[in-house]
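*Asks:* sequence and computational prediction follow.
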There are 2 protein chains.
Amino acid sequence: MPDDPSLRRFAYRTAGLRASEIRALFSVASRPEVVSLAGGMPDTGALDMDAVSDTLAQVVAHDGAGALQYSGGQGYEPLREQLVEIMHTDGVAAHPDDLVVTTGAQQGLDLLAKLFCDPGDVVIAEGPSYVGALGAFGSYQAEVVHVPMDAEGLDPGALENTLQRLRAQEQVVKLLYTVPNHQNPAGVSLSAQRRQRLAEVAERWDLLVVEDNPYGLLDFKGEARTALRTLIPERVVYVGTLSKIFSPGIRVGWVAASGSIRDKLVQLKEAADLCQSNLTQHVAHRWFSVQPWQDQVAHFREHYRKRCRALTDALSDEMGSVCEWSEPTGGLFVWARLPEGVDTGEMLATAVNHRVAYVPGRAFYADGSGQRELRLNFSYCDEDRLRTGVQRLAEVVHAEIELVQAFGESRADRRPDDS
Amino acid sequence: MPDDPSLRRFAYRTAGLRASEIRALFSVASRPEVVSLAGGMPDTGALDMDAVSDTLAQVVAHDGAGALQYSGGQGYEPLREQLVEIMHTDGVAAHPDDLVVTTGAQQGLDLLAKLFCDPGDVVIAEGPSYVGALGAFGSYQAEVVHVPMDAEGLDPGALENTLQRLRAQEQVVKLLYTVPNHQNPAGVSLSAQRRQRLAEVAERWDLLVVEDNPYGLLDFKGEARTALRTLIPERVVYVGTLSKIFSPGIRVGWVAASGSIRDKLVQLKEAADLCQSNLTQHVAHRWFSVQPWQDQVAHFREHYRKRCRALTDALSDEMGSVCEWSEPTGGLFVWARLPEGVDTGEMLATAVNHRVAYVPGRAFYADGSGQRELRLNFSYCDEDRLRTGVQRLAEVVHAEIELVQAFGESRADRRPDDS
């Protein structure tokens, strides 16, 4: 991480933080003495660098001048054909013409927010939800309303109640944003039964669904999960990315949408940055056409499964009595809950002083919830380092709980003038 | 260009076209039988591909895992240090902390538009102006008001009159957007005297200036041109790009701004796409630190100067009696004007049928002007092909002028129901 690291950034209170909080966390991640469980970085060191080198050499040998030139606004067609293949291995059907290549999934979310959201419109999302999506919707002044989730994912009954309440309030609901597989930050997946029920609710309420699937192929359970795009294709805009199955540094994501939405996304993409990097599109195209990418994904999956196990084992050992979490079905994150009264935002500065970082739960809610929750990443640190991180965190958490029990209130309540 | 080419797209009338028109033009450029003078592509084939290959190999050898990882929102710091060096060779002072790396200059313009423009706000720009900037400001519903330019660039007196008129109309002017060097599309540069006068007007009217300088180093005249950022640093946000001095396919541009503007741009960048591609940032960093990039730029300059001469010589030979143009001071484009009554938008379909393409003048105005103007690119085609293109264009133009003279009105007036 190239930003100047600064622990001072952690001395603030959590109220009102979003992108800056994440930026600060990225900064701290660069300090070697801090075990960062904060970021969402895949372990790019687990890629075969000789294969990467070969891929780059082939791109230049094959069509260097083309790779260094502008691309079209929709993205490099041979790459779009491959992205369709990748979606297919994930059980999702699409046509290359339906795809728009974007700068990671994040730009897909930004362009969708720009296309659909006027100030004051409502976007429904899981609670908690992906911080980058909250940032994208928020930057167009949409209001995010959360629907609770549990170990089976988003609750379709609660979704329908929310839709009813919003209709009664005459609020305009533009879309449902959901990460059905190995959700960030909660680590859980939508159950098969709930996918069916969610599809029915979407049909009944004429709801547009943005299905964001960055982690689908990083499944620890070997379960087939039917995409919402497969159940109700005409209602679902699908967002994908190569960040977690190859590299985030190439910034290749995509949106699959049909007809007029795709056309508008291409126009917005061109207004936003003209076109995607042709060099990274050519690199991705060659990686997924020449290299044994499915073996690489299988390697990532096993690699992260072991690290996930190491993290949750350490949580059991060190904080089993005071901390709850959902066993991740895949992906990169464990979502944990501490006892009443603990404020994970408040606690962060202390944690960083103890050389461990995480993301406070409040970052994942638009409504100020998540005070005693936190997100822990297991994809980037090796198993020893994960255990060390959890040990350090446990010291901080146990001390915090003692303080809370002694004073019977949260630190935030205790120190109103201390910011 | 990877889009499906389609000549049918050219059968429409020009009214209301912007991004789609440009997209269609890019598409046609891919047909080998069409001489495209339409695009704005540098000649990436003139790069030393062995050097490119070495650069990519060094990036992986030096820190492959880092290059494939996420970057910080502001951009890779060693690259920002080099961008400052590049600005310095162009006569502009800045500090790496002031820079935000963006997906080409286009994303810089998009983020600035998002930051400054509310619907109905006014952005002042040269007439004609860069079509991508018009698209960016338009996508946030800003109104672009043009100020005329001539062979010396933007007219500061006309700018002041426009500011007076807009104030009398109680319109909110958010910024002046200008390309002072080798402007796209007009090919001219702001004279030294006018730079001084423009700076004075900006001071007097408390005007924020966005100085877009993609072509500064592609100067055919060897004149030193003082940047507005140097004259009035606190009023100028500077936008740069590596697209024309290295490669547009890496999509590396930047914005130099101070303090709070820079901080907000970083937040908007993170909401838009999290971060820049680290791979292309590492490639750019290595290219500009290891390769003799100034020699490469000198080569581009000489290469384009010759092509520009070939294009304008051909214009003199084939259309000297009916076409006016300003001799380009540098850059990639010649801006030409045909006789009264010719509509270059109308004429485009005929031109493409004659296997030559250009961009109609109306694309470069937000107000419908530019009917008899057109932009011709000289950077991408070799000299023979440029001459062939102008010969084909001349046939079309002469036939069109005969028609206009015979009927005494434009084709658009003649065929109202023909669309």
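*Replies:* Okay, I see it.

*Asks:* stretch A:94-114 and chain B in contact?
*Replies:* Yes: under the criterion of CB under 8 Å from any CB of the partner chain, chain B is reached by stretch A:94-114 at A:102-104, A:106-107, A:110, A:114. Every C-beta, even on glycine, is put in place using the N, C-alpha and C of the backbone.

*Asks:* now stretch A:115-134
*Replies:* Yes: for stretch A:115-134, a contact with chain B is found by CB under 8 Å from any CB, at A:Gly132.

*Asks:* quick one: end-to-end distance for that stretch.
*Replies:* 16 Å (CA to CA, to the nearest Å).

*Asks:* and that stretch, which residues are buried?
*Replies:* By neighbour count on 16 or more other CB atoms under 10 Å in any protein chain shown, the buried set for stretch A:115-134 is A:115-117, A:121-134.

*Asks:* let's see which of those residues end up in strands.
*Replies:* Mapping the buried residues of stretch A:115-134 onto strands (DSSP state E) picks out A:122-127.

*Asks:* list, one by one, the residues from the stretch 251-400 of chain A near chain B.
*Replies:* Listed as neighbours of chain B in the stretch 251-400 of chain A under the rule CB under 8 Å from any CB: A:251, A:266-268, A:270-280, A:283.

*Asks:* which among the residues you listed gets closest to A:Thr312?
*Replies:* A:Arg251 (30.9 Å; CB to CB).

*Asks:* list the contacts of the nearest residue to A:Pro96 once chain neighbours are set aside.
*Replies:* Nearest residue to A:Pro96, sequence neighbours excluded (CB to CB, 6 or more residues apart in numbering or on different chains): A:Arg80, at 4.0 Å. By CB atoms under 8 Å, 6 or more residues apart in numbering or on different chains, the residues touching A:Arg80 are A:74, A:96-97, A:99, A:101, A:254.

*Asks:* try it again with 10 Å
*Replies:* Applying CB atoms under 10 Å, 6 or more residues apart in numbering or on different chains, we find A:Arg80 in contact with A:74, A:94-101, A:254, A:256, A:281, A:285, B:2.

*Asks:* let me have the residues you listed in a markdown table, extended by secondary structure and pLDDT.
*Replies:* Listed next are those as a markdown table, based on DSSP: H, G, I helix; E, B strand; the rest coil; pLDDT from 0 to 100:
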| residue | secondary structure | pLDDT |
| --- | --- | --- |
| A:Gln74 | coil | 94 |
| A:Ala94 | coil | 95 |
| A:His95 | coil | 96 |
| A:Pro96 | helix | 97 |
| A:Asp97 | helix | 95 |
| A:Asp98 | helix | 96 |
| A:Leu99 | strand | 98 |
| A:Val100 | strand | 98 |
| A:Val101 | strand | 98 |
| A:Trp254 | strand | 98 |
| A:Ala256 | strand | 98 |
| A:Gln281 | helix | 98 |
| A:His285 | helix | 98 |
| B:Pro2 | coil | 28 |
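
*Asks:* can you lay out these as JSON lines showing distance to B:Leu217?
*Replies:* JSON lines is the format used below for the contacts of A:Arg80 (distance: CB to CB, whole Å):
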{"residue": "A:Gln74", "distance to B:Leu217": "31"}
{"residue": "A:Ala94", "distance to B:Leu217": "43"}
{"residue": "A:His95", "distance to B:Leu217": "43"}
{"residue": "A:Pro96", "distance to B:Leu217": "38"}
{"residue": "A:Asp97", "distance to B:Leu217": "39"}
{"residue": "A:Asp98", "distance to B:Leu217": "40"}
{"residue": "A:Leu99", "distance to B:Leu217": "36"}
{"residue": "A:Val100", "distance to B:Leu217": "33"}
{"residue": "A:Val101", "distance to B:Leu217": "30"}
{"residue": "A:Trp254", "distance to B:Leu217": "34"}
{"residue": "A:Ala256", "distance to B:Leu217": "40"}
{"residue": "A:Gln281", "distance to B:Leu217": "27"}
{"residue": "A:His285", "distance to B:Leu217": "31"}
{"residue": "B:Pro2", "distance to B:Leu217": "28"}
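
*Asks:* for PyMOL, write the selection for the buried entries among these.
*Replies:* Only the buried entries of these go into this PyMOL selection, using 16+ other CB under 10 Å:
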select buried, (chain A and resi 74+94+96+98+99+100+101+254+256+281+285) or (chain B and resi 2)
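
*Asks:* for the contacts of A:Arg80, which one is nearest A:Ala158?
*Replies:* Nearest to A:Ala158 among these, with distances taken as CB to CB, is A:Ala256, at 27.4 Å.

*Asks:* my guess is the closest one contacts A:Ile86, does it?
*Replies:* No: in terms of CB atoms under 10 Å, A:Ala256 does not count as a neighbour of A:Ile86; the distance is 11.1 Å.

*Asks:* that's a helix at A:His145, yeah?
*Replies:* In this structure residue A:145 is Val, not His. No: applying DSSP: H, G, I helix; E, B strand; the rest coil, one finds A:Val145 to be strand, outside a helix.

*Asks:* ok, it - how many residues close by?
*Replies:* By the other CB atoms under 10 Å in any protein chain shown criterion, the neighbourhood of A:Val145 contains 18 residues.

*Asks:* how about stretch A:158-173: buried residues?
*Replies:* Judged by neighbour count using 16+ other CB under 10 Å, the buried positions of stretch A:158-173 are A:159-160, A:162-163, A:166, A:173.

*Asks:* other residues contacting it?
*Replies:* Contacts of stretch A:158-173 (CB under 10 Å, 6+ apart): A:117-118, A:120-124, A:126-127, A:142-143, A:145-150, A:155, A:176, A:178, A:194, A:197-198, A:200-202, A:204-208.

*Asks:* same check, this time on stretch A:381-392
*Replies:* Residues outside stretch A:381-392 that contact it (CB under 10 Å, 6+ apart) are A:29, A:34-39, A:41, A:43, A:45, A:303, A:306-319, A:323, A:334, A:351, A:353-358, A:376-378, A:380, A:397.
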